[in-house]
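Novice: When you get a sec, could you give me coordinates for this:
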Amino acid sequence: MTLTDFIADAEARLENLLHQYLLDDSFPAPGLQKAAAYATLKGGKRTRPLLVYLTGQLFHAPFEEMDAAACAIELIHVYSLIHDDLPAMDNADFRRGKPSCHQAFNEAIAILAGDALQPMAFDIIARHPSGLTAKQRLDMIKVLSEASGMRGMAAGQTMDMEGVSSPDELIQMYRLKTGALLNASVRLGALSAGVSDSATLDALYLFSENIGLAFQIQDDLLDIEKTADQTGKPQGIDQTNGKITWPALQGITASRKKIETLFNTAIQSLDLVAEKNNLLSQFATRLMQRNK
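Specialist: The predicted structure is shown next:
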């Protein structure tokens, strides 16, 4: 199967699952449901769930064993975007090419939509029908909760708001704010396949760690170089908010070199556990060539 075909199948499965979970007629607060569905459905690159699916298939996991983790991590990601766009944080009016959730509804509903998506993610891992064992589900919950909270994304977002002043602090913030969920995506894919070998997990960690950093520095460059129409979010928002980024500290040329070095290290790490030019490495290459 080609990468394009695999992504099409994975995205179709994911969209169907998200529709099932978010358009449930039994929800008691229609306004909350509409806001959560608005922010989640038919939008975004789906990078994190695709990393789940692509890592799992590397070890021959069936789609049915990967669906819960893929759906859950996308919901966590969307919750983070809803909150990140709020006036108290990045104050962004657009996301994924349309008005951000608090603009389409209001701040209170947007906050509650993010609040609702977070526990839904863990509920899906716990209860989604599949052949996953209780241990696999528990391990997935551990991985996703750590990546989302005080030791992961929330910590990184706090560092971003409070400001960083050195390259080392900036890298640490990137690892937490963006890298933690990307790393968790790869780990969840491996857990879906029942991978437990420490050497394999270490190699996957190096892959995701380096891809996560490269992805965030690339985001910084896109914020500078691309228009809002191309990226689907306001151009130059980092500069508007007075945030220090890798290009601001190191320059554009050095940033591109850093991305190349991180990408090469990631691919070399992946080569330790899989055949060269596998679908996951092809996807990583596509990520590095994106323009939004």
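Novice: Any figure for the gap between E64 and A92?
Specialist: E64 sits 36 Å away from A92, going by Cβ to Cβ, to the nearest Å. All C-beta spots, glycine's among them, are computed from the backbone N, C-alpha and C.
Novice: between those two, which one's more packed in?
Specialist: Neighbour tally, E64 and A92, criterion other Cβ atoms under 10 Å: the higher count belongs to A92, 20 against 14.
Novice: What sits closest to the more buried one if chain neighbours are left out?
Specialist: With Cβ to Cβ, 6 or more residues apart in numbering as the criterion, A92 has its nearest non-adjacent residue at 4.3 Å, and that residue is D85.
Novice: And for that neighbour, the neighbour number?
Specialist: Other residues near D85 come to 25 when the count uses other Cβ under 10 Å.
Novice: shouldn't it be in contact with K98?
Specialist: No. Judged on Cβ atoms under 8 Å, D85 makes no contact with K98 at a distance of 11.5 Å.
Novice: tell me the average confidence for the helix or strand harbouring K142?
Specialist: Element membership for K142 (DSSP states H and E) is helix 134-148. Summarised as a single mean, pLDDT over helix 134-148 is 98.
Novice: Then stretch 174-192?
Specialist: On average, stretch 174-192 scores 97.
Novice: swap in stretch 281-290?
Specialist: 92.
Novice: low-scoring stretches of the chain, by residue?
Specialist: The model of the chain has pLDDT under 70 over residues 226-242, 292.
Novice: that older thread, got phi/psi on the residue nearest to A92?
Specialist: For D85, the backbone dihedrals are phi -80, psi -10 (criterion: degrees, to the nearest 10).
Novice: Just confirm R286 is within a helix.
Specialist: Yes. Judged by DSSP: H, G, I helix; E, B strand; the rest coil, R286 forms part of a helix.
Novice: start at 44 instead
Specialist: All right, first residue 44 from here; so that's R329.
Novice: Could you pull up the residues touching it?
Specialist: By Cβ atoms under 8 Å, 6 or more residues apart in numbering, the residues touching R329 are L46.
Novice: how close does it sit to P290?
Specialist: With distances defined as Cβ to Cβ, the gap from R329 to P290 amounts to 22 Å.
Novice: picking that back up, next, the buried residues of the helix holding K185.
Specialist: 179-180, 182-184, 186-188, 190-191 (16 or more other Cβ atoms under 10 Å).
Novice: same check, this time on stretch 63-72
Specialist: Under the neighbour-count criterion of 16+ other Cβ under 10 Å, stretch 63-72 has 64-65 buried.
Novice: how much space is there between L247 and H103?
Specialist: 15 Å.
Novice: who has more neighbours, the two?
Specialist: L247 (25 against 8).
Novice: So what's the gap between the helix or strand hosting that one and the chain middle?
Specialist: In this structure, L247 sits in helix 241-268 according to DSSP H and E. Centroid separation between helix 241-268 and its chain, computed with Cα atoms, centre = their mean, to the nearest Å, is 11 Å.
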